[in-house]
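Undergrad: here you go, sequence then predicted model.
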Protein chains: 2
Amino acid sequence: MIKIIVDCFGGDRSPRAQVEGALSSLAGNPDLHLLLTGDEALLKKELEGRAYDASRLEIVHAPEVIGCDEKPTDAIRLKRNSSMMKAMIMLRDEEEIDGMVSCGSTGALVTGALVRLGRIPGVIRPAFCPILPTMAGGIVGICDSGANVTVTAAHLRQFAIMASLYMENVYGVKAPRTALLNVGKEAEKGDDIRQEAYRLLQETECVNFVGNMESRDLLSGSYDVVVADGFSGNVLVKTTEGTALELLKKLKKDIYSRWLYKLGALLMKRMFMEEKEFMNYQNYGGSVLLGLEKVVVKGHGSSNAKAVEKCIEQACRMCSSRLSDKIEAEISKYEHYEE
Amino acid sequence: MIKIIVDCFGGDRSPRAQVEGALSSLAGNPDLHLLLTGDEALLKKELEGRAYDASRLEIVHAPEVIGCDEKPTDAIRLKRNSSMMKAMIMLRDEEEIDGMVSCGSTGALVTGALVRLGRIPGVIRPAFCPILPTMAGGIVGICDSGANVTVTAAHLRQFAIMASLYMENVYGVKAPRTALLNVGKEAEKGDDIRQEAYRLLQETECVNFVGNMESRDLLSGSYDVVVADGFSGNVLVKTTEGTALELLKKLKKDIYSRWLYKLGALLMKRMFMEEKEFMNYQNYGGSVLLGLEKVVVKGHGSSNAKAVEKCIEQACRMCSSRLSDKIEAEISKYEHYEE
C-alpha cells in the first residue's frame, strides 16, 4: 500500500482538478491510499455524486490556503492550517504517509520542505528537478532548478547522483547521459566550482558523465540529465518555457493578421494542436524535490486533472522504486562536505 | 572621419561577406575609412572588379586565421599574424583607429580584447552585450553574456551603467528600462551579490532600474536592458537562441510529415519567412564589448554582407556618439571596487 497526501488547494483549478485527478489515480491503482487536504466542506461538495472507493480516501480538514504571492517564510510559519502546510506536517509526522503532491506556491513548498522535512542521510542540499521534453521525443531532467542559488562542487555532484537515479528509476532511462551546464564544452570552462565539479563528476562511477553542456543544446535530445546551480538552472528552465510560449503567442498573433494565413493554419490545425500539447509541461509530470526522506512532487499551478493524476503516479513510482534508499546508498560512497 | 578596422577572416562566409559589407558601408558613409585585415592576395581578388573609393580603403596583410575551436589563450599568443590579432594590435597601437569588427572566434576576441586592449578609466571589467529582438517589436540588450563568469555587485552596477548608455546612445532608447536577472521579482531574491546589486542599482541615478526580472519575461518587451553575471547571462542568451532554433526546426520537420500541412504552410510561406527573419539575429547587429577605450563589435560567425554592414554601422554609431566618454563620466560618479 502506498499512501500519498494531496494538497487540494493553491492551484489555479483547485480543488476540482485535484479531486478529479485523485479519483482517477485511485481507480487506476488498487494499492493506492490517498489523503486530501483542504476545506472539508468544499472537498465533500466536490466529491458528491462521484463514484470512488471511500475506504482508500480520507479528507483532512485544512481551511487556509497559501497564495502564490505570499512570502514563503511567513506562509510556512503562520499558515499551519493551510492545505499545503497541513499536508507537509502530516507527511513529516506520520510514518505511513510516503509522499505528497501540491500544485500550490513553489516558494512555500520548497522553503517548507527544506525547513520541515528530513533529508536522506548524507544529502547536503535537496534540489529541485523539473522535466522538459526534447526535440528528439525524449525528456531531460534539470537539477537544481531553483532550490539552491549558491552551490559548491560537492553539491553539484550530489545533484548529478540524485537526478541520474531519478531518471533511471522513475522514467526508465538507462545510464542517463548527464552533463554539467556551462558556458562552453571544454573542461576548463566556467568558474572554479564548475571546473572542480567537472573533475568530481568524472570520478563518480554511478553517473554517466558526458561533459559540459552549452545551454543552446538543452532540447537537442543529447542529454538526459543536466546539472546546474539553482540560479542558472532556474534561468535555463524558465528561459526555455518563456521563449517557447512567446513564440507560440507571436505565431498565433501573426496567423490572425491575414485571412490567407488563417486558411493555411486551418489546414495545419491538428499539427498546431500537437505542437501545443508537445510543449505543454503538464504532460510531463511535476517537478520533484530530490534528497528528502519522503517524496514531494510539485505540480504546475495551472495543472488540470490529468496533470494531477500524473503527479500522483510520479510520486507512486518514486515510492515503489525505493528511490530514497538508492540515493542514500550511492551518496554514502563519497566524502561529505559540510555546508 | 571614423576609422574602423575589419577582420575579414574567421567567419563562415569570409572573406566575401566582410568585403561586400565593407564596401556597402563605405558607399553609404562618406566619413568612413576602413582597413581590412587578412590574406592580401585573397582580399585583392575579392575586391577585383568592384567599384569603391580606394582612398578610403586599405588592406593590411595578415595571412593567418584563428579557427573557432582553437584555445583562445593560445590563439592570441601564437597567432599574432592572424587577421583578428593583427586588427586588434593595430587598434591598440594606432591612435587614429577608432574601432574593430570581427566575425571570428568569440573566445579569442574576448580574451584578446581583455588582455590586449585598454579599458575606460574606472571600468573594472569589460562586459559583452548582445541584442535580442522582443515579441513587442523592440530589442533588449543583455550585459554581461559571457565575458565574466564571476562578478561582484559593483561589477553588475557597472554593467547596468554601460549597457544603459549603449542602448540610449546607439539605439536611441530613452531611459532604458533596466532589470537585474534573478530567480524571482522580489528584492530579497537571489544570492548576496544579487541582493547587494539590487540595492546599488536603486541608488544609481543614470540607470532607470525597474527591479528584478525572471528569465521567462526576457522577450516580453517590458525591458530594454538586462544585467547579469556572465554565466547566467550566457545561459539566458543561448537558451533563447537554442529554443527558438529547435522549435523552428521541429515545426519544419512536422510540416514536411503530411501533404496537408505542406499545403497549409505554402499559404503561410511569407509569414514563416518573416518569422525566420524576425528571429535571425544577423538583423540586430553584433555583440559589443562594453568598457574598452576603443570600440569592438563581434558579428555572428555566419554573418552575411548585410550583417557585416550592420556591425560596421554599429561601430560608427558607438564612435560618433562618444559612448566611451559618456561611460567614463558616469562610472566615475561611483566608488571603485578593486577586483
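TA: In hand now; what should we look at? Residues are numbered from 1 along each chain as shown, chains lettered A, B, ... in the order given.
Undergrad: residue boundaries of the strands in chain A?
TA: Applying DSSP state E to chain A gives strands spanning A:2-7, A:32-38, A:57-61, A:99-102, A:127-129, A:131-133, A:139-143, A:177-182, A:208-214, A:225-227, A:287-290, A:295-298.
Undergrad: in a markdown table, list these along with mean neighbour count, mean pLDDT and distance to chain B.
TA: Every C-beta, even on glycine, is put in place using the N, C-alpha and C of the backbone. Compiled in a markdown table, these are given as follows (neighbours: other CB atoms under 10 Å in any protein chain shown; pLDDT from 0 to 100; distance: least, CB to the nearest CB, whole Å):
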| stretch | mean neighbour count | mean pLDDT | distance to chain B |
| --- | --- | --- | --- |
| strand A:2-7 | 26 | 98 | 21 |
| strand A:32-38 | 25 | 98 | 26 |
| strand A:57-61 | 16 | 97 | 30 |
| strand A:99-102 | 28 | 98 | 18 |
| strand A:127-129 | 28 | 97 | 11 |
| strand A:131-133 | 20 | 94 | 10 |
| strand A:139-143 | 26 | 97 | 11 |
| strand A:177-182 | 26 | 98 | 7 |
| strand A:208-214 | 20 | 97 | 6 |
| strand A:225-227 | 30 | 98 | 11 |
| strand A:287-290 | 27 | 96 | 14 |
| strand A:295-298 | 25 | 97 | 15 |
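Undergrad: any idea how far A:Val173 is from A:Thr134?
TA: Between A:Val173 and A:Thr134 the distance, using CB to CB, to the nearest Å, works out to 12 Å.
Undergrad: report the contact partners of the closest residue to A:Leu132 other than its chain neighbours.
TA: Across the structure, with CB to CB, 6 or more residues apart in numbering or on different chains as the measure, the residue nearest A:Leu132 apart from its sequence neighbours is A:Val140 (5.5 Å). A:Val140 makes contact with A:131-132, A:134, A:218-219, A:221, A:223-226 under the criterion CB atoms under 8 Å, 6 or more residues apart in numbering or on different chains.
Undergrad: ok, 10 Å please
TA: The contact partners of A:Val140, taken as CB atoms under 10 Å, 6 or more residues apart in numbering or on different chains, are A:130-134, A:167, A:173, A:176-177, A:179, A:213, A:218-226, A:240, A:284.
Undergrad: what does A:Val6 give?
TA: By CB under 10 Å, 6+ apart, the residues touching A:Val6 are A:15, A:18-19, A:21-22, A:25, A:34-38, A:57, A:60, A:83, A:87, A:99-103, A:297, A:299, A:308, A:311-312, A:315.
Undergrad: apply 8 Å and report the result again.
TA: Counted by CB under 8 Å, 6+ apart, A:Val6 has contacts A:18, A:21-22, A:34-37, A:87, A:100-102, A:308, A:312.
Undergrad: ditto for A:Ala315
TA: With contacts defined as CB under 8 Å, 6+ apart, A:Ala315 is in contact with A:4, A:98-101, A:295, A:297.
Undergrad: hmm, try it at 6 Å
TA: Residues in contact with A:Ala315, defined by CB atoms under 6 Å, 6 or more residues apart in numbering or on different chains, are A:4, A:99, A:101, A:295, A:297.
Undergrad: same check on A:Asn212?
TA: By CB under 6 Å, 6+ apart, the residues touching A:Asn212 are A:180, A:182, A:185, A:189.
Undergrad: again, only this time at 8 Å
TA: Applying CB under 8 Å, 6+ apart, we find A:Asn212 in contact with A:179-182, A:184-187, A:189-190, A:194, A:198.
Undergrad: next one: A:Lys276
TA: With CB under 8 Å, 6+ apart as the criterion, the residues that contact A:Lys276 are A:Leu248.
Undergrad: and what of the one 3 residues further on?
TA: Listed by CB under 8 Å, 6+ apart, the contact set of A:Met279 reads A:133, A:244-245, A:248.
Undergrad: most neighbours among the residues you listed, which one is it?
TA: Neighbours were tallied for each of these (criterion: other CB atoms under 10 Å in any protein chain shown), and the maximum of 22 neighbours falls on A:Ala244.
Undergrad: hmm, it is touching B:Thr243, no?
TA: Yes: in this structure A:Ala244 lies within contact range of B:Thr243 using CB atoms under 8 Å: 5.8 Å.
Undergrad: what segments of chain A are helices?
TA: A:16-28, A:40-47, A:72-78, A:83-93, A:106-116, A:153-171, A:192-202, A:230-255, A:259-267, A:269-279, A:305-320, A:323-331 (DSSP state H).
Undergrad: highest average neighbour count across those?
TA: Here the criterion is mean neighbour count by mean count of other CB atoms under 10 Å in any protein chain shown, and of those the winner is helix A:153-171, at a mean of 25.
Undergrad: quick check, that helix touching chain B?
TA: No: no part of helix A:153-171 sits near chain B under the criterion CB under 8 Å from any CB of the partner chain; the closest distance found is 13.3 Å.
Undergrad: now that helix against strand A:139-143, angle please.
TA: Put simply, helix A:153-171 runs at 150 degrees to strand A:139-143, going by axes from the mean of the first three to the mean of the last three CA atoms, to 10 degrees.
Undergrad: helix A:153-171 packs against which elements?
TA: In this structure, helix A:153-171 packs against strand A:127-129, strand A:139-143, strand A:177-182, helix A:192-202, strand A:225-227, strand A:287-290, helix A:305-320, helix A:323-331, with contacts taken as 3 or more CB pairs under 8 Å, 6 or more residues apart in numbering or on different chains; DSSP states H and E.
Undergrad: picking up where we left off before, now the strands of chain A in a markdown table, with distance to A:Phe272?
TA: Supplementary listing: the strands of chain A in a markdown table, determined by distance: least, CB to CB, whole Å:
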| stretch | distance to A:Phe272 |
| --- | --- |
| strand A:2-7 | 33 |
| strand A:32-38 | 36 |
| strand A:57-61 | 39 |
| strand A:99-102 | 31 |
| strand A:127-129 | 30 |
| strand A:131-133 | 16 |
| strand A:139-143 | 22 |
| strand A:177-182 | 31 |
| strand A:208-214 | 30 |
| strand A:225-227 | 28 |
| strand A:287-290 | 27 |
| strand A:295-298 | 29 |
